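In: Based on what follows, work out the 3D shape:
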Amino acid sequence: MSELADSNISLVNNVFIKEIRFRHAGDRSITHAHVYDHQTLLSTGAVALTVDGQTTRYEAPAIIVIVAGKHHGFIALADETVAYCIHAVQDGLPLDAAAPLVIGMSNSAVHQVTLGEV
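Out: Numbering: from 1, shown residues only. As a prediction, this is how the structure comes out:
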């Protein structure tokens with residue numbers, strides 16, 4: 001049975017980073033969308049990324065760009081897969097609007113949140 005990925009979150013100088021750890025192949029993220037474009041850095045392992053119903057396989061290292069408004073979700077294809085979702089807190093989107101879009105969509109445990117200039 002697959003599980004939701006674990007995550008850590010950091011915010012420094014308006015740069016939001018969410019580390020996503022998939023412990024086992026088959027672990028997944030919840031399908032969701034953002035109101036902003038963002039990048040995901042796949043640092044180790046491999047994932048299947050489904051965007052609006054279309055699935056693409058990625059192997060680390062890879063930088064994946066996900067366009068605003070696109071529903072997307074990851075499934076790990078290898079044990080110990082690690083990815084980082086990265087975006088700026090910008091364009092008038094306040095932190096309290098940006099964080100729940102990411103934090104509230106998974107089983108995230110916030111281990112660190114360092115507030116920079118927002």
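In: So which bits of the strand or helix carrying residue 86 are buried?
Out: Element membership for residue 86 (DSSP states H and E) is strand 81-88. Neighbour-count burial for strand 81-88, with 16 or more other Cβ atoms under 10 Å as criterion, is recorded at 81-85, 87. C-beta here means a position set from N, CA and C on the backbone, and glycine is covered the same way.
In: likewise stretch 12-31?
Out: The neighbour-count check on stretch 12-31 (16+ other Cβ under 10 Å) flags 16, 18-22, 25, 27-29 as buried.
In: bridging residues for residue 66?
Out: Counting by DSSP bridges, residue 66 is bridged to residue 38.
In: how about it, what does it touch?
Out: 34, 37-40, 51, 72 (Cβ atoms under 8 Å, 6 or more residues apart in numbering).
In: go on, residue 38?
Out: 65-66, 85-87.
In: For those, give me CSV that also has distance to residue 11.
Out: Output for these, formatted as CSV (distance: Cβ to Cβ, whole Å):
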residue, distance to residue 11
65, 21
66, 19
85, 12
86, 11
87, 10
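In: between the contacts of residue 66, which is closest to residue 5?
Out: When those are ranked by distance to residue 5 (Cβ to Cβ), residue 40 comes first, at 12.1 Å.
In: what element comes up after the one helix or strand the closest one maps to heading to the C-terminus?
Out: In the assignment (DSSP H and E), residue 40 maps to strand 38-44. Following strand 38-44 in sequence order, the next helix or strand is strand 46-51 (DSSP H and E).
In: what angle separates that following strand from strand 81-88?
Out: 40 degrees (axes from the mean of the first three to the mean of the last three Cα atoms, to 10 degrees).
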